[in-house]
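Visitor: Provide a 3D model corresponding to the input given below.
(chains A and B)
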Amino acid sequence: MTLQAVRGFKDWLPEDCARYHFLIELARNYLERANFKEIKIPILEKTELFLRSIGEVTDIVQKETYTFQDRSQEFLTLRPEATAGICRMIIEQGLYVRPKPLRFFFIGPMFRHERPQRGRLREFYQIDVELLGQLTPYYEVELLDLALKILRAPDPEKNSFTLEINSLGCRECRPEFREYLLSALQDKREWLCETCRERLNRNPLRILDCKQEGCRRIVRELKPLSEFWCVLCREHFTELTELLSFVGITFVVNPYLVRGLDYYVRTIFEIKGKGLGAQDAVCAGGRYDYLLKELGGPDLPATGFAIGLERWALTLWGEKPPQALMEKLKPEVLFIPLGREAKREGLKLVPRLREENFKVEAFFEDRSLKAMLREADKLGVKKVLILGEDELKEGVIILKDMEKGVQERIKREGLIQRLKEELRK
RNA sequence: GAGGCCGUAGCUCAAUGGUAGAGCACCGGGCUGUGGCCCCGGGUGUUGCGGGUUCGAGCCCCGUCGGCCUCCCCA
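Guide: The predicted structure follows:
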C-alpha cells in the first residue's frame, strides 16, 4: 500500500454514513425536542484554551493532542473535546446573558493523539450536550434521562447501557479527601503499582480507578470519598439518587468513578456499553461549575455529557450495520435506455422523476440489456424503466417490476402516476 | 509512551524454508431487447514496506508502517 489514511483516521463508506447519520439525526431529534440548540465551534482553537481548561495536568495537552504551530508561529490544537470550545464561545459571544438555562449541543469530530484500538480512534465523532444555569439536581436527572433515552432509542428492547454515577465533592470538601488520600497512601506507597506511585504526585484521585488488583485492594481499604462530602454535596447527591429512583432510572453508584481534571465537581457519570472491551464508556459527563469562571467568564454552573458516536454504533450493531439501514441506500427506479434517441429522452425523463421525489439511477452506457439488468439486480432496485426504439415510436415505456419479474408497456403520460401508485403505497 | 498477537487476491482465510492456493466477490462468454438460477473461461498478487540470513524466504532475523488486545491517558 503506497498511500494510506493517517493512523487512527477512518474513511466513512456509504454504509458508515448511513448508520452514523441515522444515529445523529435521531439524537438531534431528541435534543431539539428538549430545547437544546445546535451550535458549531471551530475545529481548531488556540492551544492556550485547552491548557487553561485542562489546567494542571498540562502534559495531557502536550502528549495527547494534535498541537502545532501555524505560519505565524502561533500554537494551535485540533479540538480534543467540545466543552472548552463551547465555553469559550459562550464567553466570547456573550451567550451567558440569554435566558437560563442555556442548552446547547454540538456534533462533530474530535482529535486525540492516542494509540488506536477498538472504539478508540484518533479522529472520532462526539455528540456533545451542555446545560448551564443554576443547576438543581432536577436538571441533572433530566439530562441523564435524556442521555439514556437517546442511547436506547434505536433499540429500546435491548438493555445495552448501564449508568454509573458518583460525586467528586466540591471545592470545599474535595481537598480534604485529597489530603487524606495522600497521607493514607504514603505508607502504602511501595505496594502501589508504578503508575499509581506516579499518580500520587500528579493525579491522586486517579488511583481510585486503577485496574491493577494490588492497587484496588489498597483502595478498598480506604475511607470512601463520600465520607468527606460536605453537607451541601451530601444533600445534593442524596436528592439526585432519590430523584433518579423516582423517575425509574436504574443506576449504579460507583464510589471509584473519578475524573482526571480539576474543574469537575459533584456529579459525574458514565454510561457503559456492552461488548466494547476496555473502552466501554459510550457516554461520559459531569458538572464543571468552575470552568467558565476560570476561562474569564461569569460564575455559571454547568453540566454536560458527550456521546461517542462510533462506540454507540458498535454497542448497537457491532461492526456490521443493520440491513434495514442499508435498504435506504438502494435506488427505487433504474432507467435503461437502448440507443441514442432513448438516452436523449432519458436526460429529460430522469430529472423529471427525481423532481417527483423518486430515487432514480440511470445508465447511459453502451452495454447489453442483459448486462444492465444484471446490474439492476445487484443494485436491488425495485422498478426498471426500459426505453428502446420500438417504445419511442409508440410513445410507451416498459415498466419492469424486478421483484415480481413482470413487465408492462405503459403510456409515457401515465408513468409518474403509475410509479406513485406502486412505490408510494 | 510500554508490552503482546497479527499483516497473503476486493473480502474471509490456506500454503514443513523448496513452482503462491480455495471459497465468495469480480471480469469475459454461452445470451447485441430481458436480471436472479445454470454452464464455460479468467487468479485479478510488489505475500504491508525496507533490509538481512540462506543455494532458496510468505515462513527465520532486524527495522518500519498498519490492525487488534492490554496498560498509560481518557478532556
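
Visitor: Please count neighbours and contacts with C-alpha atoms only from this point.
Guide: OK.

Visitor: What count of nearby residues applies to the residue of chain A found nearest RNA strand B?
Guide: For chain A, the residue positioned closest to RNA strand B under CA to the nearest atom of the strand is A:Gly405, at a distance of 2.6 Å. Residue crowding around A:Gly405 was assessed by other CA atoms under 10 Å; the count is 8.

Visitor: do the same with A:His113
Guide: Burial measure for A:His113: 19 neighbouring residues, criterion other CA under 10 Å.

Visitor: same thing with A:Ile165?
Guide: 24.

Visitor: Hmm, it is touching A:Thr250, no?
Guide: No: with contact defined as CA atoms under 8 Å, A:Ile165 and A:Thr250 do not form a contacting pair (10.7 Å).

Visitor: And the strands in the stretch 51-200 of chain A?
Guide: Counting by DSSP state E, counting those that start in this stretch, the stretch 51-200 of chain A forms strands over residues A:67-69, A:75-78, A:102-111, A:123-132, A:161-167, given from the N-terminal end onward.

Visitor: Can you flag the weakest of these by average pLDDT?
Guide: Among those, strand A:67-69 carries the lowest mean pLDDT, at a mean of 89.

Visitor: Note down every partner strand of it and its orientation.
Guide: Paired neighbours of strand A:67-69 in the sheet (DSSP bridges): strand A:75-78 (antiparallel).

Visitor: Can you give me the neighbour number for the closest residue to A:Glu130 other than its chain neighbours?
Guide: The spatially closest residue to A:Glu130, leaving aside those adjacent along the chain, is A:Gly304, at 4.2 Å (CA to CA, 6 or more residues apart in numbering). Burial of A:Gly304, expressed as a neighbour count using other CA under 10 Å, amounts to 24.

Visitor: in what helix or strand does A:Gly304 lie?
Guide: strand A:302-308 (DSSP states H and E).

Visitor: That strand and RNA strand B in contact?
Guide: No: among the residues of strand A:302-308, none lie within reach of RNA strand B under CA under 7 Å from any atom of the strand; the closest is 8.0 Å away.

Visitor: helix or strand right after that strand?
Guide: Past strand A:302-308, further along toward the C-terminus, the next helix or strand under DSSP H and E is helix A:309-317.

Visitor: CA atoms only for the next helix-or-strand element following that following helix, dumped as PDB, please.
Guide: Beyond helix A:309-317 in the direction of the C-terminus, DSSP H and E gives the next helix or strand as helix A:323-327. Extracted as PDB, the C-alpha positions of helix A:323-327 are listed here (Å, rounded to 0.1, in the frame of the first residue of the first chain):
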ATOM      1  CA  GLN A 323     -29.900  -4.500   6.800                       C
ATOM      2  CA  ALA A 324     -32.800  -2.100   7.200                       C
ATOM      3  CA  LEU A 325     -30.500   0.900   7.100                       C
ATOM      4  CA  MET A 326     -28.700  -0.500   4.000                       C
ATOM      5  CA  GLU A 327     -32.000  -0.600   2.200                       C
END
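
Visitor: helices or strands next to helix A:323-327 in the packing?
Guide: Here helix A:323-327 touches helix A:14-33, going by 3 or more CA pairs under 8 Å, 6 or more residues apart in numbering; DSSP states H and E.

Visitor: quick one, the helix it packs on and strand A:123-132 angle?
Guide: Helix A:14-33 runs at 0 degrees relative to strand A:123-132, counting by axes from the mean of the first three to the mean of the last three CA atoms, to 10 degrees.

Visitor: Check which element follows helix A:14-33 along the chain.
Guide: Trace forward from helix A:14-33 with DSSP H and E and the next one is strand A:37-38.

Visitor: any low-confidence regions in the stretch 1-150 of chain A?
Guide: A:1-3, A:55-58 (pLDDT under 70).

Visitor: Quick check: residues of it near RNA strand B?
Guide: Proximity of the stretch 1-150 of chain A to RNA strand B is confined to A:1-2, A:6-9, A:50, A:54, A:57, A:60-61, A:64-65, A:80-83, A:112-119 under the rule CA under 7 Å from any atom of the strand.

Visitor: Repeat the analysis, applying 6 Å as the threshold.
Guide: By CA under 6 Å from any atom of the strand, the residues of the stretch 1-150 of chain A that approach RNA strand B are A:1, A:6-8, A:60-61, A:64-65, A:80-81, A:112, A:115-118.

Visitor: which of those residues are buried?
Guide: Of all those considered here, the ones buried according to neighbour count by 16 or more other CA atoms under 10 Å are A:Gly8, A:Val61, A:Thr65, A:Pro80, A:Glu81, A:Arg112.

Visitor: Now the fifth one: phi and psi?
Guide: Spelled out, that is A:Glu81. Its backbone dihedrals place A:Glu81 at phi -170, psi 170, with angles given as degrees, to the nearest 10.

Visitor: okay but it is in contact with A:Met110, surely?
Guide: Yes: contact between A:Glu81 and A:Met110 holds when scored by CA under 8 Å: they sit 5.8 Å apart.

Visitor: after the helix or strand where A:Ser245 lies, next one along is what?
Guide: Taking DSSP H and E as the definition, A:Ser245 sits inside helix A:231-246. Towards the C-terminus, the helix or strand next in line after helix A:231-246, according to DSSP H and E, is strand A:252-253.

Visitor: Who are the packing partners of that next one?
Guide: Secondary elements touching strand A:252-253 (3+ CA pairs under 8 Å, 6+ apart): strand A:161-167.

Visitor: who touches both of A:Ile165 and A:Thr250?
Guide: Residues touching both A:Ile165 and A:Thr250 do not exist when contact is defined as CA atoms under 8 Å, 6 or more residues apart in numbering.

Visitor: doesn't A:Gly277 fall inside a helix?
Guide: No: remark: A:Gly277 does not belong to a helix; assigned using DSSP: H, G, I helix; E, B strand; the rest coil, it is coil.

Visitor: Domain-wise, how is chain A divided?
Guide: If the domains of chain A are taken from automatic domain parsing, they occupy A:14-173+A:229-321, A:330-419, with pieces of a single domain joined by a plus sign.

Visitor: Adding distance to A:Asn201, write the ones you listed out as a markdown table.
Guide: Supplementary listing: these in a markdown table, determined by distance: least, CA to CA, whole Å:
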| stretch | distance to A:Asn201 |
| --- | --- |
| domain A:14-173+A:229-321 | 11 |
| domain A:330-419 | 57 |
